[in-house]
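*Asks:* no sequence on this one, just coordinates:
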């Protein structure tokens, strides 16, 4: 699933190297603050979400961040991503979390629409939407 996501134009548009793929799987299995959800069509994996635990300093409660969420092209628009979101939301609520966060690319309107329909919304302060930009420092 991670390889398919990586190859998708909305992933990185190219395959992951085998060593990175294997190391990621091994690392995720050992991180206590990481969890992965996999959606199946019978026995075939068709979607996944990788989440990492975080903490809201403003609410003094834990949260989950959806770092990756993807459904293979042949199974998109069938409610699989919505079910993954519901599963993550239910899990976070059972864990006593205050929220679930995620980032969405501006050039992915289908995902943005799905997240908003599910109930995700832009962060607001005093009734005004606060624009955020996802930045990275490559090391």
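*Replies:* Sure thing, it's come through. All of these numbers come straight from a predicted model, not from anything done at the bench.
*Asks:* Now do the contacts for the closest residue to residue 111 other than its chain neighbours.
*Replies:* The shortest distance from residue 111 to any non-neighbouring residue, by C-beta to C-beta, 6 or more residues apart in numbering, is to residue 104 (5.2 Å). C-beta: built from backbone N, CA, C; applies to glycine. By C-beta atoms under 8 Å, 6 or more residues apart in numbering, residue 104 lies in contact with 111-112, 115.
*Asks:* So which residues make contact with the helix ranked longest in the chain?
*Replies:* Assignment by DSSP state H gives helix 80-94 as the longest helix of the chain. Residues outside helix 80-94 that contact it (C-beta under 8 Å, 6+ apart) are 35, 37, 39, 46-49, 51, 63-64, 66, 69, 71, 99-100, 111, 114-115, 118.
*Asks:* follow-up on the earlier one: just say helix, strand or coil for the residue nearest to residue 111.
*Replies:* coil (DSSP: H, G, I helix; E, B strand; the rest coil).
*Asks:* how far away is it from residue 60?
*Replies:* Using C-beta to C-beta, to the nearest Å, residue 104 is found at 27 Å from residue 60.
*Asks:* Right, I'll call it a day here.
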